[in-house]
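# Below is the structure, and that's it, no one-letter string:
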C-alpha cells in the first residue's frame, strides 16, 4: 500500500481541481472552482458558511462527482472513476478527519483506527498491531479498548486522526476538525495533525472558518459563492 | 483483492460485539425469526401429520365405495379346507357407536379361511367371541360399568390394536370376531378380499368412500387458515425488529464508506448481520418446534390428536428451512439496503416516500367486494355442493374464501398508513394542546412508522372478529334447532336404511323380556319401536315431500317427546320410518305435529318387523349410555343409537364447534402475544431514536407529561382508528362468509368477543403506558450532549 507523498501531476500539483461546477437542486454550490495543492503541502480553505468550501473538499476527495470540471490526483483524473475505484482511493490514498469524528460506535478505538486496513483485506491481528502505536503517539494510551461513546470529544477526534493517517495517505482531508472542540483541545489536535502529516509527507487540505486554525497552514485560499476567489501565502503553522 | 471472509468476520463482529443496543436488536430479530420458523415448521410438520393420520384411517374404509364386492352366498360357508392357495373373503361390517359424545368405530369381522386379510395393527384376526380394542377404548372399558359400555361388545379381549391401525392415540376402535354365519345375515355386512389402503385424502368417490379422516382439501383449508392467521403478525414482528436502530446502522455504514468501504462491502456487512440474526433465530425455531411438538400433537385440530412422531419433518424440508430462512433474511436485507443511499456523507432515502394516497383502500375494498361477489353469485359452478345443499365445497372455499380473506388482511396492512395519516391530519386540525399537535404532525409526516407499531394488533383484531363471529353464529343456529330432546333421545335405525337403493330388511321384534329390560333400564323414560309399513308413505311436516313411513303404537309415541303426537282416539299412527329427520335438523318441526292415524290393531302391529327405534332418557350421561347398551342388546341389527346432536357431529356438515373454538383461541392468543411483542419493540425503538430530541425539548422547558402524552397519542391514535376499520371489516367478512356458506345471518357477538377485544386493546395501551415512566430517565440532560 503506497502512502506518504504522492506523485505530482503534469502541472506539478499532487491534487488539482479545475473549473468545478456542482449544484444541489436549483442551488449552485460550485461555479467554476479551481484549486491545486502540492505534495506535502498544508492548504487551508476558508470562507463563510454556505460558500461551497466543504463541497469543494468533497469533490477533491472523490466523495461527490462534479457536474462539470475535472479533478486530478497524481497525474490521474479521478472525477470520472466509478464508485468502487473512488472507494479504493479513499481507503488507500486519502485520509479524513471530519468535525464529528464519525467513528463506528460498535468498534473499539483501536479497531476504528485499524478499520481502513481491515477494509483493505489485512488480517485483523496485523491491522491491530499497526494501529496500536498511534495511541501512544497521539496521547491516547490506555484507551485502545474504549468505544466512541466512552471517549471525550478531543480523544475521539484524535482517534479519527489516527484512522485518517494509518494508511500513510497521500492527502489528508480535514473538514472543520476542531469545530466541536474547545480552543485548547482544538490547538492540541491541530498540533498533532500538523506534526503527523509532516512526518509522513502527507498533503493536508483543511477546511475551516477559524483563522486561528487556518494559521497552521502554509497557504490559504478563500471560497466565496462557489469560486476560489483569492490565494494568500500564510504563515507556517507552529 | 478484498477477502469476503474478512468482511464476513467484520460483519459478525459488528452484529455480535456491538454493545447492548446491538445485542438487543440481535435478540429481538432472532426471537421474531424463531417464532416465524417454528410456525413454518409446525405447519409443514402438520401437513405430514395429517396425511400420516389420514393414511391410518384408510383401513376403516374397507368394503366401501362402488368397487366393493357384493355379498356372496358361498362366503357364508364354513372355512375352506387348510392348504387352499387362495385369498379367503373376510366378512366386514363397520358401524359407529358413541360414548359420552365421543365416536367409537366398531368393526365386526368374520374370517372364512386362514388367508382372510388382516387389518393393520392386528397380529391376527379375532376369532369368534374375541375382540381387539384400541388402547384408549380398552382403558375406557375398564373405567366404566359394563352396563354403560362393555356389554355392547360381546367377546373376550384378545389384545390391543397396534399404532399402525390407530389414526390417533385417542382413537376408540374395537374389532370383534364372529362366525361367518352370524355376520353374513346382518345389514351392512360385506365380504371383502382386501383391506382398503387408499387414504381418505385420495378418495374421489370412484375408488372409495370416506369413512373417517378428512379429504385433502379440508386438510389444506385448516392448515392454510392457521398459517394465515399467524403469518401476518409474525412478519410484522420481524419487520419491526429489523428496523430497530436502522438510522444508527445506516450512519455507521456511512462512516465506513467514508473510510473507503465499497458499496459491495457494505452489502456484505449488512447481509452478514441479517443472516447471523436469522440463523440464530432459525436454530431457536427448530428448538422451539421440537420442544412443543408433543403439545401440538395433542391438539385435535383435525378432530383427533396426533402421535408425536406424526409431526415429522423430512430431510429436504429441514434443509430448506435451515438454509432458506437465513437466505431470505439476506435477500430482505439487501433489498432494504437498495432503498437507502449510503454515501460517505451519510444515509438518505433514495427517494423520499410520498404521503400515502387514498388508492391504498382499494385492496381492502377489493377483498370485501370479492367476498360479496361470492355471497351474491355463489361462486363458480364447480365449487357448488350437491343441489339443495348450500355453500361451497371445501375446494371452493380454498379457492374463493381463502384468497378473499388474505386480500382483506393485506388490504388492512396497505390501507393502515393512509388511515393513520388521515386521522392524524384530522387531529392536527383540531388539536388544542401541544402534545396532540406534536403527535399528530409526527404521525402525519411518517404514518408508516406510526401504523407499523400497531399493525400486528390490528390484524389480530380482524382475525378474532371473523373467527368468533363465524363460530358464535354457527353455534347459535345449530344449537337453536336442537331442543332438549335432541340431546336426551336416542335414535337407532337399520344399517341398510342408510344406504340409498339398498332395501332395509326389518328386524324381528324383540321379545317381551328384552323389551321390559330395555324399559326398565335406569334413566329410560320411554321406548318407541317403529314397525315396517311396506310401500307406505307419509308427508313431512312443514311441506316437505312424502317419505317412507313406519307404524307406531300411540302409547309408545306418547312416551317419547319430540316425535309428534297421535290423533285423538287413535291407537296407532303413521310416522316417518326414520324418526327424527336427517341429522336432527328437523326435530323442531316434528315437535307437536299430529301424525295420521294407522288402521291396524295392536296385535297386528306387534307382529310387524322393526325398522327403527327411539329411547327417551332423562338426558344424563350414565342414562344415555345404559340405554344405548340396552338397545344394542335388544336390537343388535340396528345401527348404534345416537342422539340428533351426535348425528350432527357424525354427519360432518361442520366441524365440532368446541374444536373450532379451541383452534380459534390458540390462533388469537398466539397472535395477540406476537402483536404485543411487535408493539413493545416499536415503542422502545421510537423512544431510543428520539432520546436526544426529547432531551433537548426538556432542556427548553417542555414538561415530561407533555412528552408522555406525545408518545401515548402517537400509538393510541392509529390503534383506535384502524382498529375500528379492522373490526368493521371483520364483521362484514364474517357475515359474507356465513351468508354464502351456510345461509346464516351474523349473530351478535358474545361477551367472549368483547373480553378478547377489550383485553387486547388494554394490553396494547399497557405496553405503551409501561414505557412512559422511562421517559424521565432516558431524556435527562446528559442525552443532550454532542456526541
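Received it, and whenever you're ready, just let me know what you need. Predicted model only: the values in this text are computed from it and were never measured.
# isn't residue B:473 right up against residue B:748?
No. With contacts counted by C-beta atoms under 8 Å, residue B:473 stays clear of residue B:748, the gap being 9.3 Å. From N, CA and C alone the C-beta is placed, and that goes for glycine too.
# Mind pulling up the pLDDT for residue A:145?
In the prediction, the pLDDT value recorded for residue A:145 is 90.
# Also residue B:2?
Residue-level pLDDT assigned to residue B:2 equals 55.
# Same question for the one 10 residues further on.
At residue B:12, the pLDDT value in this model is 86.
# buried ones in the host helix or strand of residue B:675?
In this assignment (DSSP states H and E), residue B:675 forms part of helix B:657-689. Within helix B:657-689, the residues that qualify as buried are B:657, B:660-661, B:663-664, B:666-668, B:670-687, B:689, counting by 16 or more other C-beta atoms under 10 Å in any protein chain shown.
# which secondary structure elements does the very next helix or strand once past that helix contact?
On the C-terminal side of helix B:657-689, the closest following helix or strand by DSSP H and E is helix B:691-699. On a contact count with 3 or more C-beta pairs under 8 Å, 6 or more residues apart in numbering or on different chains; DSSP states H and E, helix B:691-699 meets helix B:704-741.
# Quick check: what element follows the helix it packs on along the chain?
Where DSSP H and E defines the elements, the next helix or strand beyond helix B:704-741 is helix B:751-778.
# the inter-axis angle of that following helix versus helix B:704-741?
In terms of direction (axes from the mean of the first three to the mean of the last three C-alpha atoms, to 10 degrees), helix B:751-778 departs from helix B:704-741 by 150 degrees.
# returning to what we had before: ok, residue B:473 and residue B:748, which is more surrounded?
Set side by side, residue B:473 and residue B:748 show unequal neighbour counts under other C-beta atoms under 10 Å in any protein chain shown, the larger going to residue B:473 at 21 against 9.
# What distance do you get for that one to residue B:8?
Note on residue B:473: its distance to residue B:8, by C-beta to C-beta, to the nearest Å, is 56 Å.
# now swap in residue B:189 and tell me
Separation of residue B:189 from residue B:8 (C-beta to C-beta): 70 Å.
# ok, those two, which is more surrounded?
Taking residue B:189 and residue B:8 together and counting by other C-beta under 10 Å, residue B:189 has the greater number of neighbours (22 against 16).
# Does anything pack onto whichever strand or helix holds residue B:49? Which helices or strands?
Assigning secondary structure by DSSP H and E places residue B:49 in helix B:19-57. In this structure, helix B:19-57 packs against helix B:4-16, helix B:216-242, helix B:263-298, helix B:315-338, helix B:657-689, with contacts taken as 3+ C-beta pairs under 8 Å, 6+ apart.
# just so I know, which of the ones you listed lies nearest chain A?
Closest approach to chain A among those (C-beta to the nearest C-beta): helix B:4-16, 4.9 Å.
# tell me which residues in that closest one are buried?
B:6, B:7, B:8, B:10, B:11, B:13, B:14, B:15.
# filter those down to the ones near chain A?
Cross-checking the buried residues of helix B:4-16 against chain A (C-beta under 8 Å from any C-beta of the partner chain) gives B:6, B:10, B:13, B:14 as the overlapping residues.
# with the residues you listed in mind, which one is nearest to residue B:328?
Top of the list for closeness to residue B:328, among those and by C-beta to C-beta, is residue B:14 at 20.9 Å.
# any idea what sits nearest the closest one, other than its immediate chain neighbours?
residue A:106 (4.9 Å; C-beta to C-beta, 6 or more residues apart in numbering or on different chains).
# isn't there a strand covering that neighbour?
No. Secondary structure of residue A:106 (DSSP: H, G, I helix; E, B strand; the rest coil): coil, not part of a strand.
# so what's it up against?
A:147, B:13, B:14, B:17, B:18, B:19, B:22, B:252 (C-beta atoms under 8 Å, 6 or more residues apart in numbering or on different chains).
# Please apply the same query to residue A:181.
Contact analysis of residue A:181 by C-beta under 8 Å, 6+ apart lists A:153, A:154, A:157, A:189.
# Which one of the residues you listed is nearest to residue B:98?
Proximity of the contacts of residue A:181 to residue B:98 was ranked by C-beta to C-beta; the top entry is residue A:153 with 81.6 Å.
# Let me know the pLDDT of the closest one.
Per-residue confidence for residue A:153 comes out at a pLDDT of 86.
# give me the number of residues near it?
Residue A:153 is surrounded by 19 other residues when neighbours are defined as other C-beta under 10 Å.
# For it, give its distance to residue A:208.
Taking C-beta to C-beta as the measure, residue A:153 falls 16 Å from residue A:208.
# swap in residue B:521?
As it turns out, when the distance is counted by C-beta to C-beta, residue B:521 lies 106 Å from residue A:208.
# Next: residue A:178.
7 Å.
# Smallest distance to chain A belongs to which residue of the stretch 251-400 of chain B?
Among the residues of the stretch 251-400 of chain B, residue B:260 lies nearest to chain A; the distance is 2.3 Å by C-beta to the nearest C-beta.
# what residues are up against that residue?
Contact partners of residue B:260, counting by C-beta under 8 Å, 6+ apart, are A:87, A:88, A:89, A:90, A:91, A:92, A:94, A:116, A:119, A:120.
# and the first one, what is it in contact with?
Okay, so that is residue A:87. For residue A:87, the contact set (C-beta under 8 Å, 6+ apart) comprises B:257, B:260, B:261, B:262, B:263, B:265.
# Any quick PyMOL command for the buried ones out of the residues you listed?
Here the buried members of the contacts of residue A:87 are turned into a PyMOL selection, burial being counted by 16+ other C-beta under 10 Å:
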select buried, chain B and resi 257+260+261+262+263+265
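# For the contacts of residue A:87, name the two members farthest from one another.
Across those, the two lying at the largest distance from each other (C-beta to C-beta) are B:260 and B:263, at 11.6 Å.
# need the residues of chain A near chain B, please.
Residues of chain A lying close to chain B (C-beta under 8 Å from any C-beta) are A:58, A:63, A:83-84, A:87-92, A:94, A:96, A:98, A:100-107, A:111, A:115-116, A:118-121, A:123-124, A:147-149, A:153, A:163, A:180.
# Quick one, which of the residues you listed are buried?
With neighbours counted using 16+ other C-beta under 10 Å, the residues of chain A next to chain B contain these buried positions: A:58, A:63, A:87-92, A:94, A:96, A:98, A:100-107, A:111, A:115-116, A:118-120, A:147-148, A:153, A:163, A:180.
# Buried residues in stretch B:428-446, which are they?
Taking 16+ other C-beta under 10 Å as the neighbour-count basis, stretch B:428-446 is seen to contain the buried residues B:428, B:431, B:435-444, B:446.
# for stretch B:402-411, same thing?
Of the residues in stretch B:402-411, those buried under the neighbour-count criterion (16+ other C-beta under 10 Å) are B:404, B:405, B:407, B:408, B:409, B:410, B:411.
# Between those, which sits nearest residue B:346?
Closest to residue B:346, out of all of the buried residues of stretch B:402-411 and judged by C-beta to C-beta, is residue B:410, at 34.0 Å.
# if I pick the closest one, what's in contact with it?
Counting by C-beta under 8 Å, 6+ apart, residue B:410 makes contact with B:363, B:367.
# so it is in which element?
Here residue B:410 is covered by helix B:394-430, with elements defined by DSSP H and E.
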